Each structure stands twice: as structure tokens, then as C-alpha cells.
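**Q** Give me the fold of what follows.
(2 chains)
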Amino acid sequence: MHILAFLIRRAIQAAIVMFVISLIGFSIQDNLGDPLRELVGQSVSEAERQLLRDQLGLNDPFFVQYARFLGNAVQGDLGTSYFFKRPAIDVILDKFPATFELVLGATFIFLAVSIPAGIYCAINRTSWLARFIMTGSIVGISIPVFLTAIFLQWIFAVELGWFPSSGRGETVALPWGWETGLLTLDGLSRLVLPSIALSSIMLPLFIRLIRAEMMETMGTDYVRFARAKGLSTARVRYVHAFRNTLLPVVTVGGLMIGTLIAYTILTETVFQWPGMGFMFLEAINRVDTPLIIAYIIMVGLIFVVVNTAVDFIYTLINPMVKLPGAKS
Amino acid sequence: MITWRSLLKRFLADPVALVSGIVLLFLVLMAALAPLLAPQNPYDLMQIDIMDSEIPPVWRSDGDARFLLGTDEQGRGILSTIMYGTGISLIIGIGAVVVQGILGVTLGLIAGYRGGWIDAFLMRLADIQMSLSTLMIAIIVLAIFSATFDANIYADYAIFMLILIIGIAEWPKFARTVRSSVLGEKKKEYVDAARVIGLPARKVMWGHILPNTLTPVLVISTIQVAEAIMTEAALSFLGLGMPVNQPSLGSLIRSGYELIFSGSWWITLYPALVLIALILALNLLGDWLRDVMNPRLRRGDD
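**A** Modelled structure (predicted):
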């Protein structure tokens, strides 16, 4: 019952956030550029313009226009991109796989590095390697993502020539229309540098987080009990203690989705990665309003879905959690 | 409570803090004295010459003695642009933190002292705003701003916009810190005493509780300046921040990074190193300050 109440609460909250985002999107459309000029140019008389305005509903009250915008948006109609001359939603959906695979690559790298490094630093607290990693992590936090990206590109693509410097390379179309770069050698080799760059700033934060959590759980009663019971050190460490560090990692990871999306814009810009972030910047430069709105709404949607999912996973893996709003 | 004297003593005894402090002092002085010390004013069109463009640093065979760190595409000395650019980055970083501090301390004080629905509302708002991320909020607001206004107007107001946006987007950090100290202070006897003698809530909040919550505010301020400078650099790099004729370190990197492909790496590398040194020094100082002022707040790193 608590779970249900919690889910309803979250759904309401998600709806409020989406409502605010759609309102922002609509007011951009309302204020940016004159849709009439896009349609008819300069040669049409003022009387004809007024008639056209009435026909298009541009003279309707704000809320009537907003309701129409919302109605269209719910049906997936976010207007037509001025530059691409295609529905904005189609343009975004075409770019989505590239960004998704970049995030996937970065997630893979930072999980594969931060978990072992965090555990190692918690267990061998005083070793030189642990100290080195901890010092390195504060340096890592201090290097902006776009600089990591530029340095990686400069050293490994321009100077050493180990990896291609930009673009996504060869892609393969999957049956449901998803263009993937993960199945070709060319696509994979182009994914390496952007993924490292994108993971670079989350990495130190997560190493510190996992280390701190791991150190805390290692001192708890149940870990001491597991040890006293005679379980092997490895089992105590990696099964009993580590499992409980995952909870904060999931929460913090979910909270950072907004930051991660912002960093995809930076990474994609440096590597000319044909994803949503790079497209968004181009749309800003071209004042392609429908595309700007479509991006903001898409990002809002991703944000809300991920946050709700993370909260849900959190309640599932931690039965002890006291759901906000539910009576105990 | 820590006295200034013992603070100074511990500062001088810690090599990491000392070096960070010296680096920071050096960069601040360099930026503040740029108009006096810089070899040229890179934004005075009379002083630059397009013929001097893309000269490598002086120790390279084709370097030029006038330009220690080389020149950019338009013949401006990199050393001079860095000196001016560091100042702009610092102004935005500090300005944004002042805005954050004023907003955050006020709202945190109100939330903590009043409690009830206003507290619940402000903290919920803080949660949502924090998870949206400052950089994302700033990118979207500036995207709308730059699409709405003409490029010249945008260039004139960019510095104020950056300070305001980064300031407003980050208030929750200060508000949360102040709120939690207020909750701790509220129960103490001196607050009851102040209330009993009939002081209005406003006076109790600002005159009595506030001074006792300032230590954590000071501690997070340093790291917040580093964060603000980093955010500003990212925005300028994307072309949403400072314009090219009034560049911060981020805009300098933006205007130079594509020239790496043609071999002119110095245009990007030196501003980048200064930016990293600035952020790193602030982060290290902030960490040190936190350990000294409040040992319980440690990030769990020792």
C-alpha cells in the first residue's frame, strides 16, 4: 500500500515538473520569432496577415494557445524544424541513439573503474596507490569536462593518431530503426575517447563515494558478525559489505542525470558527435525554435523518467527505506 | 572556536594549503594588475597586428620575444589574454557566489527558523533544482536568452547574466547548509533568552542565530567559487557565456581549440592550465578549510 501511495506521489511530482517544462517550452515558442514571417515572408498585406493570424489561432488567449500546444505535444507534434524541414520530434529521435550510446559507453567505463578503485581505496587505505588515487581524484574534479575532452582529442587523436578525432563513424541499422555504432569496429573506436571524457568528472566523485560508503559498512555490526561467523574475507567484503554501498551509488547516480546530460552537450561539441547535445547547440545558433523546444521537452522527459525510476529502484532494493509521505 | 591566529598557524604548517594559497594569490594579483603588468592590451585594436597571428611561444625556434607564450589567431599575446581573462573568470566566480550566498543564507535562515510548510516547500524546491543541475539550467536559460536578444545586447549583458544565473541556480547549497545549522542553534538557550526578552523574530534570526551559522558558509564558499568558475568556463566554451571581445578563460579556450588541429596548441593549452590551476587551488583550499573548521564535515578522505 505504501508503495502505491509513493508511486502516486511521484507521478504527481513528475507531472508537475513536466507541466513547468512544457510551459517554458510554450513561452519560448510564443516569444521567439514570428511564425507568420516563417510562413509568408514580407510581401503579404497587413489585413491578410491579421486574417491569417486568426486562422492560425495566434490571436487566441494565452491558455487556449497553450492547451493547443500541449495537445499537439502529447501527440508527439512539437512543430517542424526550420532548418531540417522535418518534424522536430523526428530530428530528435534520429539523434537520440548517438547520445544514448555515448552515455552507455561512459557508464560502462565509470562503473568498471570506480567500483574496483573505490573498494581498493577503502580496504587498503594507507597504501601508496590508494593515496595516489585519492589525490588524483581531487585533481580530476578540478578539470572541466570539455578540457578533458580537448586534451584526449589532442593527445590520442591528433598527436598519436590512435583513435579517430571526431564523428560517429559507420553505423548499422537495427530492425526497430535504431542506428547503432556499437557493432562496427570503426564505430567502437570512435566511441572510446568521448566516453572517457564524459565519464571523467563523475569518476572521482564516485570513487570517493564508494570508498566512504564501503569504509562505513566495513565497520558495521553485521559485517563484524559475518566475519565472526568465519566467512571468508572476500565473501564478507564483496558480497556483504559491497552490496550495501550500492544504495547510495544508485541514489547519487540518479541525482546526477541532469549533470550528465549537460556534459553530453560539452563532449558532443568537442568530438562533433552527432547526438542531441550537438544538435541542440546548432539549433541555438540557427535560432531553430521548434528544435530548441523539442530538446528541452525531451531532456525534461528523460530527467523525470530516470529520477522516478531511481526512486522506485531505491525502494525496491532497500526495504528499510521510509517512503516520504507514507505513514509508518 | 578557532582563532585567526591558530588558523594562520595551521595554514603555514600545511604544505598543500600553503602552495594552493600562494598559487591563488599569484593568480588573483596577476588578474587584478593585468592593466598595469600585461605586455599589451589585447582588446585595444591599436595594439594588435594581424601579422603577428599564431606565433608559437618564445622558446620555439620561430617564437617572438614580444610574446612569451605566443599569440592567437588575431595576433593577441596569449600571456596578455590570460591575464585579462583570469580577471573576468574570477569576477564571475566571486559575483555568482555572493548572489548564491545572499539568496541561500536568507532562504536557509527562513526555512530553518520558521519550519512548517515554508520549510517543506523551500527544501522540496531545492531538491528539484539541485537534481536539474546548475549547468543544465544555465545552458537552457542562456540558450533562450541568446536566441531572444541580438548578439550585441547579449554581449553587453553576458557578465551580469552569468553571475545571476549561476548565483540563482546554486542557492540550495547555501540554504541547506544554513538551514541545518539553524536547526541546531534554534534549541540553544541564548535563542530562547533572546525570544523571552521580546525581540522580534527578524532580530533573533539575523542578529543572534546568523552569526553562529557563518563558519560552514565560509567553508563552502571557497568550493562554490571553484564550481562557479568551472560552470562559467563550460558555458563560455559552448558560446553561451562571455563574448570573444571580452573573454574569460573559457572563451579563450573556445576560440583556440579548433586550431589544435593545425598545430597551434599553445592558444588552448596555456589558458587551460591556468583555469585548472585556479580551480584546483580553490578546491584544495576549500577542502583544507573544511577539515580545519569542522572536522566532522570531512568527505571521508582520511
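
**Q** pLDDT weak spots in the chain?
**A** The chain I'm using is chain A. Counting by pLDDT under 70, chain A has low-confidence residues at A:1-2, A:30-44, A:53, A:55-59, A:317-328.

**Q** oops, chain B please
**A** B:1-2, B:51, B:63, B:65, B:68, B:294-302.

**Q** Would you mark the buried spots in the longest helix seen in it?
**A** For chain B, the longest helix by residue count, based on DSSP state H, is helix B:78-114. Using 16 or more other CB atoms under 10 Å in any protein chain shown as the test for burial, helix B:78-114 gives B:78-97, B:99-101, B:103-113. Backbone N, C-alpha and C define where each C-beta goes, glycine included.

**Q** now do stretch B:144-154
**A** Applying 16+ other CB under 10 Å to stretch B:144-154 flags B:144-147, B:154 as buried.

**Q** Give me the distance between the two termini of it.
**A** Counting by CA to CA, to the nearest Å, you get 11 Å between the two ends of stretch B:144-154.

**Q** before we move on, what about stretch B:59-66?
**A** First residue to last in stretch B:59-66 (CA to CA) measures 12 Å.

**Q** Show me what that stretch is in contact with.
**A** Residues from elsewhere that reach stretch B:59-66 (CB atoms under 8 Å, 6 or more residues apart in numbering or on different chains): B:39, B:52, B:55-58, B:70-71, B:77.

**Q** buried set for stretch A:99-110?
**A** A:99-103, A:105-107, A:109-110.

**Q** Is there proximity between that stretch and chain B?
**A** No. Residues of stretch A:99-110 contacting chain B under CB under 8 Å from any CB of the partner chain: none, with a closest distance of 13.9 Å.

**Q** Could you grab the helix/strand/coil label for residue A:231?
**A** Recorded secondary structure, residue A:231: coil (DSSP: H, G, I helix; E, B strand; the rest coil).

**Q** What is the neighbour count of the nearest residue to it once chain neighbours are set aside?
**A** Nearest residue to residue A:231 in three dimensions, chain neighbours excluded: residue A:240, at 7.5 Å (CB to CB, 6 or more residues apart in numbering or on different chains). By the criterion of other CB atoms under 10 Å in any protein chain shown, residue A:240 has 18 neighbours.

**Q** Make sure residue A:240 is indeed in a helix.
**A** Yes. Applying three-state DSSP, one finds residue A:240 inside a helix.

**Q** List the contacts of residue A:222.
**A** Contact analysis of residue A:222 by CB under 8 Å, 6+ apart lists residue A:240.

**Q** ok, it to chain B distance?
**A** 20 Å (CB to the nearest CB, to the nearest Å).

**Q** could you say which helix or strand contains that residue?
**A** helix A:221-228 (DSSP states H and E).

**Q** ok, residue B:123 to chain A distance?
**A** From residue B:123 to chain A the distance is 11 Å (CB to the nearest CB).

**Q** Tell me if I'm right that that residue and residue B:179 touch.
**A** Yes. Contact status for residue B:123 versus residue B:179: in contact at 7.4 Å, counting by CB atoms under 8 Å.

**Q** before we move on, what SS does whichever residue of the stretch 101-250 of chain A sits closest to chain B have?
**A** For the stretch 101-250 of chain A and chain B, the shortest gap (CB to the nearest CB) falls at residue A:212, measuring 3.5 Å. What three-state DSSP gives for residue A:212 is helix.

**Q** what do you get for residue B:39?
**A** Following three-state DSSP, we place residue B:39 in the coil state.

**Q** Quick one: residues contacting it.
**A** Residue B:39 neighbours (CB under 8 Å, 6+ apart): B:66-68, B:77, B:79-80.

**Q** From those, pick the one nearest chain A.
**A** After measuring the contacts of residue B:39 against chain A - CB to the nearest CB - the closest member comes out as residue B:79, at 19.4 Å.

**Q** The closest one is in contact with residue B:69, isn't it?
**A** Yes. With contact defined as CB under 8 Å, residue B:79 and residue B:69 form a contacting pair (4.6 Å).

**Q** For the stretch 1-150 of chain A, what lies in contact range of chain B?
**A** A:17, A:24, A:28, A:31-32, A:134, A:138-139, A:141-147, A:150.

**Q** one more time with 6 Å, if that's ok
**A** Neighbours of chain B within the stretch 1-150 of chain A, by CB under 6 Å from any CB of the partner chain: A:28, A:32, A:134, A:138, A:142-144, A:146-147, A:150.

**Q** related to what we said a few turns ago, any idea which of the buried residues of stretch B:144-154 is the one closest to chain A?
**A** residue B:147 (4.9 Å).

**Q** I'd assumed residue A:287 was in contact with the closest one.
**A** Yes. Using CB atoms under 6 Å, residue B:147 is in contact with residue A:287, at 4.9 Å.

**Q** what residues are up against the closest residue to chain A within the stretch 1-150 of chain B?
**A** Residue nearest to chain A within the stretch 1-150 of chain B (CB to the nearest CB): residue B:133, separated by 3.4 Å. By CB atoms under 6 Å, 6 or more residues apart in numbering or on different chains, the contact list for residue B:133 reads A:258-259, A:262.
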